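In: build me a model:
(2 chains)
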There are 2 protein chains.
Amino acid sequence: MTSATIDDGRFRERFDEFSRIGATDAGGVNRPSLSDENREARDTLVEWFREAGLEVRIDEMGNIFGRREGRDPSAAPVVSGSHIDSQYNGGRYDGVVGVLSALEVVEALNDAGVETKRPIDVVAWSDEEGVRFQPDMLGSGVYTGVFDLEYAYDREDKDGNRFGDELERIGYKGDEPCSADDIHCYFELHVEQGPFLEQADLSVGVVEGVFGFSWMNVAFEGQANHAGPTPMNMRHDAFVATADVTKAVREITATEGTDLVGTVGSVDVWPNAINVIPERVEFTLDFRSYDNAVVDAAVERIENEIQWAADREGLEYELEEIMRVDADPFDDGCIETVANAAEDAGCEYTRLVSGAGHDANYLNKIAPTSMIFVPSVDGISHRESEYTEWDDIVTGADVLLRAIRERASE
Amino acid sequence: MTSATIDDGRFRERFDEFSRIGATDAGGVNRPSLSDENREARDTLVEWFREAGLEVRIDEMGNIFGRREGRDPSAAPVVSGSHIDSQYNGGRYDGVVGVLSALEVVEALNDAGVETKRPIDVVAWSDEEGVRFQPDMLGSGVYTGVFDLEYAYDREDKDGNRFGDELERIGYKGDEPCSADDIHCYFELHVEQGPFLEQADLSVGVVEGVFGFSWMNVAFEGQANHAGPTPMNMRHDAFVATADVTKAVREITATEGTDLVGTVGSVDVWPNAINVIPERVEFTLDFRSYDNAVVDAAVERIENEIQWAADREGLEYELEEIMRVDADPFDDGCIETVANAAEDAGCEYTRLVSGAGHDANYLNKIAPTSMIFVPSVDGISHRESEYTEWDDIVTGADVLLRAIRERASE
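Out: From the prediction side, this is the model:
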């Protein structure tokens, strides 16, 4: 078989050039969905797609596809990519390494003159991060039929700008219908965003699936009163109850399952004054596990804890589960393809499960899917200090190359 | 002795008219310091002062004095009053009942043709609430030499408006120097803002002093990270530590002293997203007791708890005590004057201590001072639902009348 190899120099040069778009002083990037910086990143990507000889298609959601034709143009393509929007002041690796790796894979195949039976599509999904327009993974969500196009267009940022209007403003409302083609399989390379690969001193993780999770909004409503003259036994303090529930989250994660994580991430207090007892607190809960029964148990236990905390403090409460997603095992065949590719590449790897959701979750609904993880130093992501060793990215891209080539030849 | 009595009808009519200035739909008032509504309240008060034959003086801080002359104009006056600024959407009683009671006292003396040896000054202090311009009790603070005039003028609201400029804008930057005259004694009637009088079914409390307190700003700094892939044992969660400290506040109040209260009133979380582990939390602590040693002990214990919580979670922390005020016992003579006046009036009373600070605290630094409390239904204050039975206010005003008359005759 003709040898095809990742061109480290070209790959690195492109990554560095991409990192300058919306670069922040602290070494990150600020390219939230449909911002001017996101447009600049899109323009650059499209230019590189064309340089690599890819046929560019942009769909109604602004998802960008670049096709490398196969010997059989009617065969279902192998698709690979990720996203290029970022968190506000986020890291330069998240998403980008998946898109640029897939682009480098087709460049490597081009260099080696390798023809594949199936077409290969490199893809950059719109609005994965969900920091400007919620929910996240909006581009792949519409593509796979999870959301309607009109629903997505009507999403608004905090200034009231519509997704559809902003997409048009930056010139990326394409003509292609946003709906799933027949896809042979989907691979996504991504930074792990967790500590396991680094702790195991491995460059590559074969991802077997993604955690299920529950998201809840909780509100406690008590009584604002002066913090001086109100004795402790007459208080209805919404924040004390929130502290109780936060401690209970820790206890639940320590006693249910082994992979359960739980987080109180967002907390807003009213009236939020030093000398006034908190009247109202709104906060969020996030529980995740690869075992759906463990998430069930955590939700049941925290509902009891919320009830008890409200009773103790004499509060009203509201509780709403705003999202519940089951654990999502990837396709056995695709998992084995990635594992074989890692063995082919001569790199040690481990199999693991993702705690974070990815576009691959939605693709997994319509096509055989799996993912390749590369290590996140200190497990850090969504921050400017997010970092992955370049050698690990090249190793991951090499595994992706072997996996895509294998499946595109079927 | 000529009998002088509170005119219930006139007093009530004025209170009701005053309550319409800046009235809110929910039955409160919105007259924050130096707002247009605060100006309207000031204009109304000055008009009533003049109708009552009082000589009006407005000082450089906008404190408004109305003098009823005595037989000996050179004698130090008896001063009584409170404030007419409100919380944002606050109650109609807080402060107002003290100013209008003192005005009604001089009206009652006028009606009865009672002359006193000493002048009587009715006063409305500027900016007691401190919700628009911090710190609170700014008018009485400058008057008693706690703050410089220029410091007060330079205070800014959240929109950057200076106190001095806003005072001029509403036409209440007066010519009189804002500095303490020789005052014979000071009485202030105020709503209790706590539950004790209502629980004891009494109309009047003789206030013996005010709690000391400590205010602290605390910040925990950990590490933001994705709430999915970050295992519990690798987290540096600033909000979990805040929950620990909040629980410790309860434990400390349960085990130190008998009157100690402690509150976490203001909490801000970064980045405050459902799926991100909190990186930074800034929160406040408020401990109060009438025993300074108890506040000392609470501060020492919470400092340890903050240290321990930071160590457990692997966080940095900052801790600053931004204000420390000792317990403030009022003047024995003035306390007895009020107690005797209550007996004279034939009303049962109790002696108690105030959990909240008042202008009377600053006056107590320069002149013999005490306070009269009237009940707060359900102990509620600083809210539109703040309520005091009208009969209790009239009873309180009757006690104030007797106390002022007594001391103005000396």
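
In: count of residues packed around A:Glu300?
Out: By other CB atoms under 10 Å in any protein chain shown, the residues close to A:Glu300 number 11. Every residue, glycine included, has its C-beta placed from N, CA and C.

In: tell me the secondary structure at it.
Out: Using DSSP: H, G, I helix; E, B strand; the rest coil, the structure places A:Glu300 in helix.

In: need the pLDDT of it.
Out: pLDDT recorded at A:Glu300 is 98.

In: same question for the one 4 residues further on.
Out: We have a pLDDT of 98 for A:Asn304.

In: and it, that's in a helix?
Out: Yes. Assigned with three-state DSSP, A:Asn304 falls within a helix.

In: what residues does the stretch 251-400 of chain A have near chain B?
Out: A:253-254, A:259, A:261-269, A:272-278, A:284, A:286, A:288, A:354-357, A:379-383 (CB under 8 Å from any CB of the partner chain).

In: my read is that A:Phe271 contacts A:Gln223, right?
Out: To be clear, residue A:271 is Pro; Phe isn't right here. No. Counting by CB atoms under 8 Å, A:Pro271 stays clear of A:Gln223, with 11.6 Å between them.

In: mutual contacts of these two, please.
Out: By the contact definition CB atoms under 8 Å, 6 or more residues apart in numbering or on different chains, A:Pro271 and A:Gln223 are jointly contacted by A:Glu279.

In: and these two? Which one has more around it.
Out: A:Gln223 (22 against 18).

In: helix, strand or coil for the closest residue to that one other than its chain neighbours?
Out: Excluding the flanking residues, the one nearest A:Gln223 by CB to CB, 6 or more residues apart in numbering or on different chains is A:His236, at 4.2 Å. Following three-state DSSP, we place A:His236 in the coil state.

In: check A:Gln134 too.
Out: The three-state label given to A:Gln134 by three-state DSSP is coil.

In: tell me where the stretch 51-200 of chain A has helices.
Out: Ranges of helices within the stretch 51-200 of chain A are A:96-111, A:138-143, A:149-153, A:163-169, A:196-200, based on DSSP state H, counting those that start in this stretch.

In: so for B:Glu406, which of those helices sits nearest?
Out: Closest approach to B:Glu406 among the helices of the stretch 51-200 of chain A (CB to CB): helix A:163-169, 73.4 Å.

In: for that closest one, buried residues please.
Out: Within helix A:163-169, the residues scored as buried using 16 or more other CB atoms under 10 Å in any protein chain shown are A:Phe163, A:Gly164, A:Glu166, A:Leu167.

In: related to what we said a few turns ago, ranking the helices of the stretch 51-200 of chain A by burial, who's on top?
Out: helix A:138-143 (a mean of 29; mean count of other CB atoms under 10 Å in any protein chain shown).

In: where do the strands sit along the stretch 1-150 of chain A?
Out: A:55-58, A:64-68, A:78-83, A:120-125 (DSSP state E, counting those that start in this stretch).

In: burial measure for the residue of the stretch 1-150 of chain A found nearest chain B, as a count.
Out: The minimum distance from the stretch 1-150 of chain A to chain B, using CB to the nearest CB, falls at A:Val131 (7.9 Å). Around A:Val131 there are 20 other residues, counting by other CB under 10 Å.

In: check A:Ile306 too.
Out: A:Ile306 - counted by other CB under 10 Å - has 23 other residues nearby.

In: do the same with A:Lys247
Out: 18.

In: any idea which helix or strand carries the nearest residue to it once chain neighbours are set aside?
Out: Closest residue in space to A:Lys247, ignoring its immediate chain neighbours: B:Ala243 at 5.5 Å, by CB to CB, 6+ apart. Using DSSP states H and E, B:Ala243 falls within helix B:238-255.

In: what residues of that helix count as buried?
Out: Residues B:238-250, B:252-253 are the ones in helix B:238-255 that count as buried (16+ other CB under 10 Å).

In: which of the residues you listed lies closest to B:Asp157?
Out: B:Thr242 (28.1 Å).

In: for the stretch 251-400 of chain A, which segments count as strands?
Out: Under DSSP E, counting those that start in this stretch, the stretch 251-400 of chain A gives strands at A:261-263, A:267-270, A:280-289, A:316-325, A:328-329, A:349-354, A:369-374.

In: among the ones you listed, which comes closest to B:Asp43?
Out: That would be strand A:267-270 among the strands of the stretch 251-400 of chain A, by CB to CB, at 32.7 Å.

In: adjacent strands (with direction) for that closest one?
Out: Sheet pairing of strand A:267-270 (DSSP bridges) gives strand A:280-289 (antiparallel).

In: relative to strand B:316-325, how tilted is the helix holding B:Ala243?
Out: On the basis of axes from the mean of the first three to the mean of the last three CA atoms, to 10 degrees, helix B:238-255 is oriented at 40 degrees to strand B:316-325.

In: helix B:238-255 - contacts with which helices or strands?
Out: Contact analysis of helix B:238-255 by 3 or more CB pairs under 8 Å, 6 or more residues apart in numbering or on different chains; DSSP states H and E lists helix A:238-255, strand B:212-221, strand B:261-263, strand B:267-270, strand B:280-289, helix B:292-313 as its packing neighbours.

In: how big is the angle separating it from strand B:212-221?
Out: With the same axes, to 10 degrees as the basis, helix B:238-255 and strand B:212-221 are set at 160 degrees to each other.

In: avg pLDDT for helix B:238-255?
Out: Rounded mean pLDDT across helix B:238-255 is 97.

In: same deal with stretch A:86-101?
Out: Summarised as a single mean, pLDDT over stretch A:86-101 is 96.

In: same thing with stretch A:269-286?
Out: 95.

In: for it, which positions count as buried?
Out: Using 16+ other CB under 10 Å as the test for burial, stretch A:269-286 gives A:269, A:271-286.

In: give the helix, strand or coil label for the residue of chain A most remote from its centre.
Out: Within chain A, the residue lying farthest from the chain centre (CA atoms, centre = their mean) is A:Pro229, at 48.9 Å. Assigned with three-state DSSP, A:Pro229 falls in the coil class.
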